[in-house]
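**Student:** Predicted model and sequence below, questions to follow.
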Amino acid sequence: MHAKVVVVGSLNMDLVTRAERLPRAGETLAGESFETVPGGKGANQAVAAARLGASVAMVGCVGDDAYGQQLRGALLAEGIDCLAVEVAAGVSSGVALIMVDAASQNTIVVIAGGNGRLLPASVQRFEALLRDAEVIVCQMEVPPQTVEYVLGRGRALGKTVILNPAPVKGPLPVEWFATIDYLIPNESEASALTGLPVDDLPSAQAAADHLIALGAGKVIITLGAQGALLVSGEGSEHFPAPVVAAVDTTAAGDTFVGGFAAALAQGRSEREAIVFGQRAAAISVTRPGAQPSIPSLAEVGNL
Ligand code: ADP
């Protein structure tokens, strides 16, 4: 299969426990339900790009456990090329232990597991995939040296390189900026990257200006129900989000990034790709869950 979108990133199994309230330290509590749900930002964005019309290949690493097989299986079921999803011996797959209370507050412990074994050498083995790609997408749930390697190779090969800087605690290494075509943070990530508060359009504009001054090509800050702000050296444009009744915004950002990448890979303009990504993300927030909430191309309607 000719892979137009290559996602290099994480696969996690989300272990979701629901209870009336969160337990205190040392406390054992009877809960109400437990589910295992395939997730991880990389895998979610790969699923979004595939459902939204792109040929997708995933580069990642799972552990040699049952979750690893299930995570690969979930991507294969979406028609995603998983030849570059390797299995690391002696490590668990990435997991997120999520506890949710009756008021939907949660606590989450993430174990990188196999994701931590995705090193530049692993990506190097699959250089052919990068060469074949139109668009390369990374997040930050894999080791930073791997992200840096992929951004640099993507730039050297002349590909469109997208970084969704999530999760992030502070500024990015400044030398990364010259290798990124589209930096796509949400409000809290934009704030962490710049040290500036970001909660509305003017503050998002200020943060994006800061990131452009550091050398980012183009910045798209996603602002939840307030839509997205595209900023480049030439100016900025606000794209309002479709108005929907949101029930669960999990994976809204992943759906946007996957949809945006899929549309670019199919030759759409960046403006069309943003509108398309937002339409897909708006549908995802009307449904519960992460991967299950991501719509298909038919649902979003052709551009
Ligand atoms: P993240 O999921 O990373 O926190 P955002 O909350 O910024 O990202 O959402 C990403 C995109 O999803 C937004 O730019 C918007 O297009 C869409 N979106 C998110 N929340 C809503 C909402 N309540 N209504 C409509 N669209 C939404």
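**Tutor:** Good, I have the coordinates.

**Student:** Let me know whether stretch 145-163 sits next to the ligand.
**Tutor:** No: if you take C-beta under 6 Å from any ligand atom as the test, stretch 145-163 misses the ligand, and the best it gets is 13.3 Å. From N, CA and C alone the C-beta is placed, and that goes for glycine too.

**Student:** actually stretch 280-294, sorry about that
**Tutor:** Yes: against the ligand, stretch 280-294 shows contacts by C-beta under 6 Å from any ligand atom at A281, A282, V285.

**Student:** Stretch 47-57 now?
**Tutor:** No: counting by C-beta under 6 Å from any ligand atom, the ligand has no neighbours in stretch 47-57; the shortest distance is 11.1 Å.

**Student:** In CSV, please show the C-alpha coordinates belonging to that stretch.
**Tutor:** What follows is stretch 47-57 as a C-alpha-only set of coordinates in CSV (Å, rounded to 0.1, in the frame of the first residue of the first chain):
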residue,chain,number,x,y,z
VAL,A,47,-6.9,5.9,13.1
ALA,A,48,-8.3,9.4,12.4
ALA,A,49,-6.2,9.8,9.2
ALA,A,50,-7.2,6.3,8.0
ARG,A,51,-10.9,6.8,8.7
LEU,A,52,-10.7,10.2,7.0
GLY,A,53,-9.5,8.9,3.7
ALA,A,54,-5.7,8.6,3.8
SER,A,55,-3.5,5.5,3.3
VAL,A,56,-1.7,5.3,6.6
ALA,A,57,1.4,3.6,8.0
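
**Student:** Check the average confidence over it, would you?
**Tutor:** What stretch 47-57 shows for mean pLDDT is 97.

**Student:** Which of the residues of stretch 280-294 next to the ligand ranks first by neighbour count?
**Tutor:** Within those, A281 tops the neighbour count with 32 neighbours, counted by other C-beta atoms under 10 Å.

**Student:** what's the spacing between the one residue in the chain that gets nearest to the ligand and Y67?
**Tutor:** Minimum separation of the chain from the ligand (C-beta to the nearest ligand atom) falls at G253, amounting to 2.2 Å. To Y67, G253 is 23 Å away according to C-beta to C-beta, to the nearest Å.

**Student:** before we move on, the earlier item: where does the residue of the chain closest to the ligand land in three-state SS?
**Tutor:** Using DSSP: H, G, I helix; E, B strand; the rest coil, the structure places G253 in helix.
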